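In: following is a predicted model, sequence given first.
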Amino acid sequence: MSRPSEPTPDGPGGPHLSPEYAEFIQREATADRIELYHALCVPGILQTEAYARAVTSAIVKQDPSRPGVIARVDARLGRQRRLAERAAAGQPPHLVAGIDETLLRRPVGGADVMREQIDRLLQVVDEPWVTMVIVPLGATSHAGLGGTFELLSFNGSHQPDLVFVESAAADFLLRRPEVTRTYRDTIRQLTEIGLTGEAARSKLEEIRAGW
């Protein structure tokens, strides 16, 4: 997660979000394709508020009521609102969401929070503009082991592709074409080995029943 000095969730200039995260949020709002892989926690753009509060509090080691935690949670909810607005207008990006099965079984916030979070994923998995990829526990060796990332692509524009890497210590924006190609190849490989469509829904339902 990002550290202090990011902009406010809805625009630049606030005290709690990094400049890198600020630019990522702005670019994400206009991306034609969003491809991501998360291995440790549910992607921010798909988190419920309760899950976002619990996981952010744990990562930054602060009480959920602290301004830094609130700012990060609000940033995620703002990203989700913008995504929902684009979908409602009939112009959503293509979202490819790679999720490791292990994070669906980790009790972030407790069982009630996890049930709500998986219900949220079950709502999203059938959206026609979403490809959810669940990397199963049996995939013991795969390209996603390199870590979490989000790749933004822009069709028919002069904006370069952008990779955002978020961590507890620092945020990074990667732009070199040879680097973004590497991450695109990672998503392609994960899609080939992961569960998608009905298989992804079935896996979510199986895990939801266990909570």
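Out: Arrived safely. Numbers count the residues shown, from 1 in each chain.
In: okay, CA-based contacts and neighbour counts for the rest of this
Out: OK.
In: where does the protein dip in pLDDT?
Out: Along the chain, the model assigns pLDDT under 70 to residues 1-16.
In: quick check: the residue most central in space within the chain vs Arg79, distance?
Out: The geometric centre of the chain, computed from its C-alpha atoms, lies nearest to Pro43 (Cα atoms, centre = their mean), at 2.5 Å. Applying Cα to Cα, to the nearest Å, the value for Pro43 to Arg79 is 11 Å.
In: where do the helices sit along the chain?
Out: For the chain, the helices defined by DSSP state H occupy 19-28, 49-60, 67-88, 101-105, 111-124, 177-193, 197-210.
In: what about stretch 104-111, start to end distance?
Out: 11 Å.
In: what residues of it count as buried?
Out: Buried residues in stretch 104-111, counted by 16 or more other Cα atoms under 10 Å: Leu104, Val108, Gly109.
In: the nearest residue to the last one once chain neighbours are set aside: what's it in contact with?
Out: Right, the one you point to is Gly109. The shortest distance from Gly109 to any non-neighbouring residue, by Cα to Cα, 6 or more residues apart in numbering, is to Ala54 (5.3 Å). Counting by Cα atoms under 8 Å, 6 or more residues apart in numbering, Ala54 touches Pro64, Val108, Gly109.
In: as a markdown table, the residues you listed with distance to Ile34 would be great.
Out: Shown next, in a markdown table, are the contacts of Ala54 (distance: Cα to Cα, whole Å):
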| residue | distance to Ile34 |
| --- | --- |
| Pro64 | 28 |
| Val108 | 25 |
| Gly109 | 27 |
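In: which of those residues lies closest to Gly147?
Out: Nearest to Gly147 among the contacts of Ala54: Val108, at 19.2 Å, using Cα to Cα.
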